[in-house]
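In: coords please:
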Amino acid sequence: MPNGEYAYVTCGSTVSVINTSTNLVIKTIQVNNGSLQIPNGAAIAITPDGKYAYVTYGPYLAVINTANNTVTKMIGFDSALNNVSLNLNNVAISPNGQYAYVSSGWEAVDTWATNESSVFVINTATNSYFDDTIWRLYFGCSSDTQQ
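Out: Presented below is the predicted three-dimensional model:
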């Protein structure tokens, strides 16, 4: 949290809330029904006001209310693109807290395009993404530098 009182750490299909004064886990939040494990290195971002934590895993973004440490919304990106396997990688919150930016890697199931990347823009007031964001912010990652 911005005030440093608590730390949020992913583990399996849960997020542990740690009191940084005592280094004790004070709450374990079940992020989903346990059927999908949160990948190692899943990203967590806290809004500037400290009210919400956003957690990436697989094709989902969990929104956690930090006042009561409960999941308030699950945002699914699995249907954002047709015929792809999507995995969210990172999340960042704008300085004013109005938007969350979520990067993803995806692999096309039935086309030539593979291992591409995209960024979704989430309106944090509604916790929904803009339908056309994926096309406006689509980019391909490669080791080649373009001039």
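
In: now do Ser21, the pLDDT please.
Out: Ser21 carries a pLDDT value of 96.

In: quick one: buried residues of stretch 61-78?
Out: Applying a neighbour-count criterion of 16 or more other C-beta atoms under 10 Å, the buried positions in stretch 61-78 are 61-64, 66, 69, 71, 75, 77. Every C-beta, even on glycine, is put in place using the N, C-alpha and C of the backbone.

In: which of the residues you listed sits closest to Lys51?
Out: Proximity of the buried residues of stretch 61-78 to Lys51 (C-beta to C-beta) peaks at Thr66, which lies at 6.0 Å.

In: distance of the closest one from Ala45?
Out: From Thr66 across to Ala45, the span is 12 Å (C-beta to C-beta, to the nearest Å).

In: spit out the residues that contact these two alike.
Out: Both Thr66 and Ala45 are contacted by Ala53, under the criterion C-beta atoms under 8 Å, 6 or more residues apart in numbering.

In: follow-up on the earlier one: what's the most distant pair in the buried residues of stretch 61-78?
Out: Maximum distance among these (C-beta to C-beta): 23.6 Å, for Asn69 and Phe77.

In: test my guess that Ser128 contacts Ile75.
Out: Yes: here Ser128 reaches Ile75: they are 7.2 Å apart, a contact under C-beta atoms under 8 Å.

In: mutual contacts of the two, please.
Out: By C-beta under 8 Å, 6+ apart, the residues touching both Ser128 and Ile75 are Ile122.

In: from Ala53, how far off is Lys73?
Out: Distance from Lys73 to Ala53, by C-beta to C-beta: 12 Å.

In: mutual contacts of these two, please.
Out: Common neighbours of Lys73 and Ala53 (C-beta under 8 Å, 6+ apart) are Val63.
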